[in-house]
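In: Compute the structure for the input listed below.
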Amino acid sequence: MTSKMEFSVTARRTDASGSAATCKEATVLLDTALAGRRDAFNPAELLLAAVSACMIKGIERVAPMLKFSFRSLEVRVHGVRQDVPPRLERIDYEISIETDESDRQIELLHENVKKYGTVFNTVAPGTELQGVLKRAVKTVIFACVHNAGRSQMAAAFFNALADPAKARALSAGTAPGERVHPEVVAVMQEAGIDLTGARPRKLTADLTAGAQLLITMGCGDECPFVPGLRRDDWPLPDPKGQPVERVRAIRDDIRARVAGLIAQEGVE
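Out: Numbering: from 1, shown residues only. Sure thing, here's the model as predicted:
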């Protein structure tokens, strides 16, 4: 006889705006208010979170069997629910995994997770469940104070030289300027890159979410710090107001550093 696992959860209404579920030593706030609330999972969102957790756990279980190594993993799910009768019609998922394994190994991992994963054998029969497991695109953020010169050049060169299927770059600043410096736009046009439509933007938590590397650009104590994010600093002078020959030298230094970073990260 096959052994069975049992689970117990207790949920209690705290007030008209929500409830709390407890299990083991954990407590989860639940959105059970008729008007809804932003700081808690509603029942459908909690189900999607459970589906995501099952997928992650399934990969943790299957990966060692396949001798599949990976560095990071992210699951995004989207559910569609009908009201009458209430039923979750469809769940679409996208699993992004940062790994050096071959494309065939990634396919094999997906096949085995679908075959042996709990969620695929419980949710799927009553709900359309479909999605992909793909290689994660690495995100690098180049940041300075005003996002008007060095970081703009670095991100532009990175996106021009790196394989877009493997990595992308964003740029931002802690105190964004009004525009990209004209001298920077001019020397980048000489290099075949058009920054006329680029606009400085603020470095935010949302922007850094999911990034793997932060490169700060010689801004000293004003350089941003993002907890938990791998970081390096490139001590580069600010091109603002510099003679064009000096701006070109800064541009060429940045291009060489970016090319080295791309090779180092294996995203060429």
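In: May I have stretch 149-160 as PDB, with CA atoms only?
Out: Output of stretch 149-160 as PDB, limited to C-alpha atoms (Å, rounded to 0.1, in the frame of the first residue of the first chain):
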ATOM      1  CA  GLY A 149      26.300  59.700 -18.900                       C
ATOM      2  CA  ARG A 150      28.400  56.700 -17.800                       C
ATOM      3  CA  SER A 151      25.600  54.300 -16.900                       C
ATOM      4  CA  GLN A 152      23.700  55.100 -20.100                       C
ATOM      5  CA  MET A 153      26.700  54.400 -22.200                       C
ATOM      6  CA  ALA A 154      27.500  51.100 -20.300                       C
ATOM      7  CA  ALA A 155      23.900  49.800 -20.700                       C
ATOM      8  CA  ALA A 156      23.800  50.700 -24.400                       C
ATOM      9  CA  PHE A 157      27.100  48.900 -25.100                       C
ATOM     10  CA  PHE A 158      26.100  45.900 -23.100                       C
ATOM     11  CA  ASN A 159      22.800  45.500 -25.000                       C
ATOM     12  CA  ALA A 160      24.500  46.000 -28.300                       C
END
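In: Figure out how far that stretch is from the centre of its chain.
Out: 19 Å (CA atoms, centre = their mean, to the nearest Å).
In: per-residue confidence averaged over it?
Out: Stretch 149-160 carries an average pLDDT of 97.
In: now swap in stretch 95-110 and tell me
Out: Rounded mean pLDDT across stretch 95-110 is 90.
In: how about it: buried residues?
Out: 95, 96, 97, 99, 101, 105, 106, 109, 110 (16 or more other CB atoms under 10 Å). (Each C-beta comes from the backbone N, C-alpha and C, glycine too.)
In: Tell me the helices and strands packed up against the lowest-mean-pLDDT helix or strand in the chain.
Out: The helix or strand of the chain with the poorest confidence is helix 118-122; it has a mean of 77 (mean pLDDT, DSSP states H and E). Counting contacts by 3 or more CB pairs under 8 Å, 6 or more residues apart in numbering; DSSP states H and E, helix 118-122 is packed against helix 43-66.
In: For the helix it packs on, output the C-alpha coordinates as CSV.
Out: Output in CSV follows, covering the C-alpha atoms of helix 43-66 (Å, rounded to 0.1, in the frame of the first residue of the first chain):
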residue,chain,number,x,y,z
PRO,A,43,-7.7,32.8,-2.1
ALA,A,44,-7.0,32.6,-5.8
GLU,A,45,-3.6,34.3,-5.4
LEU,A,46,-2.8,31.9,-2.5
LEU,A,47,-3.6,29.0,-4.8
LEU,A,48,-1.3,30.4,-7.4
ALA,A,49,1.5,30.8,-4.8
ALA,A,50,1.0,27.2,-3.8
VAL,A,51,1.2,26.2,-7.5
SER,A,52,4.5,28.1,-7.8
ALA,A,53,5.9,26.6,-4.7
CYS,A,54,5.0,23.1,-6.0
MET,A,55,6.9,23.8,-9.2
ILE,A,56,10.0,25.1,-7.4
LYS,A,57,9.9,22.1,-5.0
GLY,A,58,9.5,19.7,-8.0
ILE,A,59,12.6,21.2,-9.6
GLU,A,60,14.5,20.8,-6.4
ARG,A,61,13.5,17.2,-6.3
VAL,A,62,14.2,16.3,-10.0
ALA,A,63,17.3,18.4,-10.6
PRO,A,64,19.7,16.1,-8.5
MET,A,65,18.4,13.0,-10.3
LEU,A,66,19.3,14.6,-13.7
